[in-house]
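here are the coordinates; sequence isn't available:
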């Protein structure tokens, strides 16, 4: 069973409940933008407990990066990460993931489900191929938006936010609906990349199919 021990190089707060962690990188650890791995903490009692996290760094970077949402009420790996420090170790396992860029399309993310798209967008920027892609990003509040400034810089008017718990000027309010999708893009022959909480992904998939999007044109993680 594949395992790699890496050291934490930096820890930062990305939002009020999201950590940005960079680690060392194993000598040979190939992955594609959009893929993930399971992560354990190299401490007694936590080596066998795994959580899946998506790489937000690029395959060619000399470090690994993760944006990880913390759930203070959960006694799990994410909550334990609040106590780790620079120099502590994580255990990485096999690489997996079905979300990979195919062609220009619409990316629909809910909360921390945006993480696969971070690496994909950064990769497309590096290749000068991001133009034409859109991101619909659903969050509860403006403060929950991960990498707000970076997404705005990359996508401009194609970065479209919707907030469920706040009614802020310049932001859509409510939830993603069929009407919202149609108002912001042409669904004809588009690829849709979807990632977020399972309930949200199920609802969005139904909406897209109602709008005539073929199953093969919906890219999402298999569970």
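Perfect, thanks for sending it. No experiment lies behind these values; they were computed from the predicted model shown. Numbering: from 1, shown residues only.

okay, which residue of this protein is out on the far edge from center?
For the chain, the residue at maximal distance from the C-alpha centroid (CA atoms, centre = their mean) is residue 44, at 28.8 Å.

all strands of the protein, in order?
Here the chain has its strands, by DSSP state E, at 4-15, 18-23, 36-41, 51-54, 64-69, 89-96, 105-110, 134-139, 159-163, 172-173, 191-195, 218-220.

Look up how far residue 185 lies from residue 60.
31 Å (CB to CB, to the nearest Å). C-beta: built from backbone N, CA, C; applies to glycine.

Please apply the same query to residue 5.
Residue 5 is 43 Å from residue 185, by CB to CB.

who has more neighbours, these two?
Legend: neighbour count by other CB atoms under 10 Å for residue 5 and residue 185, higher for residue 185 (17 against 13).

Not including adjacent chain positions, what is the nearest residue to the more buried one?
residue 106 (5.1 Å; CB to CB, 6 or more residues apart in numbering).

now swap in residue 163 and tell me
Leaving out its chain neighbours, the residue that sits closest to residue 163 by CB to CB, 6+ apart is residue 171, at 5.2 Å.

pLDDT score for that neighbour?
The predicted structure scores residue 171 at 95 on the pLDDT scale.

for residue 74, same thing?
According to the prediction, residue 74 has pLDDT 67.

and this structure, what are its domains?
4-96, 105-220 (automatic domain parsing).

Quickly, which of those bottoms out on average pLDDT?
Looking at the domains of the chain, the bottom one is domain 4-96 with a mean of 92.

what distance separates it from the centre of its chain?
13 Å (CA atoms, centre = their mean, to the nearest Å).

quick one: the residue nearest to residue 185 from residue 68, how far?
26 Å.

Tell me how far residue 63 lies from residue 55.
Counting by CB to CB - residue 63 and residue 55 are separated by 10 Å.

Which one's more surrounded, those two?
Of the pair residue 63 and residue 55, residue 55 is the one with more neighbours under other CB under 10 Å, namely 27 against 13.

Centre-most residue in this structure?
Centroid-nearest residue in the chain: residue 115, 1.4 Å away (criterion: CA atoms, centre = their mean).

phi, psi of the residue lying closest to residue 143 once chain neighbours are set aside?
Excluding the flanking residues, the one nearest residue 143 by CB to CB, 6+ apart is residue 16, at 5.8 Å. In terms of degrees, to the nearest 10, the main-chain angles of residue 16 are phi -60, psi -20.

measure residue 16 to residue 193 for me?
26 Å.

Looking only at neighbour counts, state which of the two leads.
residue 193 (23 against 9).

wait, isn't the more buried one in contact with residue 106?
Yes. Look at residue 193 against residue 106 with CB atoms under 8 Å: they come within range, at 7.3 Å.
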